[in-house]
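Asks: Got a predicted structure plus its sequence, pasted below:
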Amino acid sequence: MGSYGTASSQSPKILFRQLFEKESSTYTYLLADVSHPDKPAVLIDPVDKTVDRDLSVVKELGLKLTYAMNTHVHADHVTGSGLIKSKVPEVKSVISKASGAKADVLIEHGDKIYFGDLFLETRATPGHTSGCVTYVTGDGPDQPQPKMAYTGDALLIRGCGRTDFQSGNSEQLYKSVHSQIFSLPKDTYIYPAHDYKGFTVSTVGEEMLYNLRLTKDEDTFKGIMANLNLAYPKMIDVAVPANLVCGYQDLIPKSC
Ligand SMILES: N[C@@H](CCC(=O)N[C@@H](CCS)C(=O)NCC(=O)O)C(=O)O
Ligand SMILES: [Fe+2]
């Protein structure tokens, strides 16, 4: 298991911002350790179209962006990671090794990404795509309470990511959510990568009771997922190839 980034001896204080990109209904999350002298920050699931907005917030709050992280290879929008790296070269891109995508840091289950004295722990949650991960704020007395889980498209509020492309597998998704997300403390906040109904946040306990798909038994869940009949995302043919190389590769001088 790997740990990326450095820790200091200050006691950490988390800054949290939930940002929205309306065309793809994507949430981007900005987290920082504001008690650390450098105020190191991470962005989870940035979108190319809103990179300038996100970097303005980072600047206005006096943060030092260190990682641009993705929960998976998105099919409906182009990640902002590549564009961010072209504008702030010291930022490192992060995605799972299992995604097959390029990035500076390829993480696996159990790996930790540190920003100041805070960290996000990686939980492999495949099923929507084979490389999906959930990032969970660190456990332990010096880590923020209550906990937060950035679930990408594995678990949406009252729903979940579809399983009909990018090696999606409903049986795998069911197991991922039950073993890796529903096993977290019930007061853990759930922050998904998308919402199409106006929700912003949920909790593990709430989803265990009210999720319209994951509260069912496995066979019923598989039946629901096989009959969603959703149109393919409009940008899939552009977004997936671009996201496999971390976004807009042509703007980036060297590696992704
Ligand atoms: N209409 C959108 C695509 C909507 C969509 O397919 N969303 C995905 C998540 C992004 S890959 C999904 O899993 N949805 C599950 C659901 O139940 O809606 C577009 O054209 O971009
Ligand atoms: Fe997705």
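Replies: That came through, no problem. Numbers count the residues shown, from 1 in each chain. Ligands and ions are numbered 1, 2, ... in the order given.

Asks: which parts of whichever strand or helix holds Gly82 are buried?
Replies: Secondary structure assigned from DSSP states H and E places Gly82 in helix 81-87. Judged by neighbour count using 16 or more other C-beta atoms under 10 Å, the buried positions of helix 81-87 are 81-86. No exception for glycine: its C-beta is placed from N, CA and C like everyone else's.

Asks: what's the following helix or strand after it?
Replies: Following helix 81-87 toward the C-terminus (DSSP H and E): strand 92-96.

Asks: So in that sheet, which strands flank the helix or strand that that next one is followed by, and in what orientation?
Replies: Using DSSP H and E, the helix or strand that follows strand 92-96 in sequence is strand 105-107. Sheet pairing of strand 105-107 (DSSP bridges) gives strand 92-96 (parallel).

Asks: Output the partner strand as CSV, nothing but the C-alphas.
Replies: The C-alpha trace of strand 92-96 is given here as CSV (Å, rounded to 0.1, in the frame of the first residue of the first chain):
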residue,chain,number,x,y,z
LYS,A,92,-0.1,15.8,-9.9
SER,A,93,-2.9,13.9,-11.5
VAL,A,94,-4.3,10.8,-9.8
ILE,A,95,-6.5,7.9,-11.0
SER,A,96,-6.7,4.2,-10.2
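
Asks: That strand: how far from the chain's middle?
Replies: 11 Å (C-alpha atoms, centre = their mean, to the nearest Å).

Asks: Now it: buried residues?
Replies: 92-96.

Asks: show me the residues around the spatially most central residue of the chain that make contact.
Replies: Taking C-alpha atoms, centre = their mean as the criterion, Thr71 is the residue nearest the geometric centre of the chain, at 3.5 Å. Neighbour list for Thr71: 44-45, 132-135, 150-154, 193 [criterion: C-beta atoms under 8 Å, 6 or more residues apart in numbering].

Asks: let's see it at 7 Å
Replies: Residues in contact with Thr71 (C-beta atoms under 7 Å, 6 or more residues apart in numbering) are 44-45, 132-133, 135, 150, 152, 193.

Asks: Which of the residues you listed sits closest to Asp76?
Replies: Ala193 (9.7 Å; C-beta to C-beta).

Asks: all strands for the chain, in order.
Replies: Remark: strands assigned in the chain by DSSP state E are 3-4, 14-21, 26-33, 40-44, 64-69, 92-96, 105-107, 112-115, 118-124, 133-137, 148-152, 189-192, 202-203.

Asks: Strand partners (parallel or antiparallel) of the fourth one?
Replies: To tie it back to what came earlier, the one meant is strand 40-44. When DSSP bridges is applied, strand 40-44 pairs with strand 26-33 (antiparallel), strand 64-69 (parallel).
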